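**Q** Predicted model, plus sequence, below.
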Amino acid sequence: MRGRIRIGDDQVVELAEMFRLMSDPTRLKIILACLDAPAAVGEMAERLGISASLVSHHLRLLRAARLLQADRRGRQVFYAVQDEHIRSMLSDMVDHVAEVDAEAEAAAP
């Protein structure tokens, strides 16, 4: 079992801001789209069915919070979840949600 987590007030504010950003379904979909492999704005816009300008707006916020990182390749910019802590936390949460759904399906008549 882990010990008590101790962080400063500034870090609590930063953590709360990260969770606030991830609480928006569109931003969470963008982060998840970048979880397995880097993705470009146009690809995300097409996959999510939203405009490239809206994706770009959300990407600015997510990059500022260090949830995503950008990598320019020629004329395109690819976005990815580079931080292993973020990657691990989101992967675990996705697994948790899928597990709960599987248990509910198994319990249904």
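**A** Arrived safely, thanks for sending.
**Q** Is the residue most central in space within the chain in a helix, a strand, or coil?
**A** What sits nearest the mean C-alpha location of the chain, by C-alpha atoms, centre = their mean, is Ile31, with 2.9 Å. Of the three states, Ile31 takes helix under DSSP: H, G, I helix; E, B strand; the rest coil.
**Q** so what's it up against?
**A** Contacts for Ile31 (C-beta atoms under 8 Å, 6 or more residues apart in numbering) come out as Met22, Leu62, Leu67, Leu68, Val81, Ile86, Leu90. Every C-beta, even on glycine, is put in place using the N, C-alpha and C of the backbone.
**Q** and if you look at Thr26?
**A** Contacts of Thr26 by C-beta under 8 Å, 6+ apart are Leu48, Ile50, Leu54, His58.
**Q** For those residues, which single residue is the most surrounded?
**A** His58 (21 neighbours; other C-beta atoms under 10 Å).
**Q** and the gap between it and Arg73?
**A** His58 sits 21 Å away from Arg73, going by C-beta to C-beta, to the nearest Å.
**Q** again with Leu67
**A** Going from Leu67 to Arg73 by C-beta to C-beta gives 20 Å.
**Q** about what we covered before: return the closest of the contacts of Ile31 with respect to Ala98.
**A** Leu90 (12.5 Å; C-beta to C-beta).
**Q** Quick check: that closest one is in a helix.
**A** Yes: the assignment for Leu90 by three-state DSSP puts it in a helix.
**Q** Touching, it and Leu32? I think so.
**A** Yes: using C-beta atoms under 8 Å, Leu90 is in contact with Leu32, at 6.9 Å.
**Q** tell me which strands and helices the helix or strand of the chain with the lowest mean pLDDT is in contact with?
**A** Every helix and strand in the chain was compared by mean pLDDT, DSSP states H and E; the lowest is helix 84-107, with a mean of 86. Using 3 or more C-beta pairs under 8 Å, 6 or more residues apart in numbering; DSSP states H and E, the elements in contact with helix 84-107 are helix 25-33.
**Q** From the contact counts, what lies against the following helix or strand past the helix it packs on?
**A** Note on helix 25-33: by DSSP states H and E, the next helix or strand toward the C-terminus is strand 39-40. Contacts defined by 3+ C-beta pairs under 8 Å, 6+ apart place strand 39-40 against strand 76-80.
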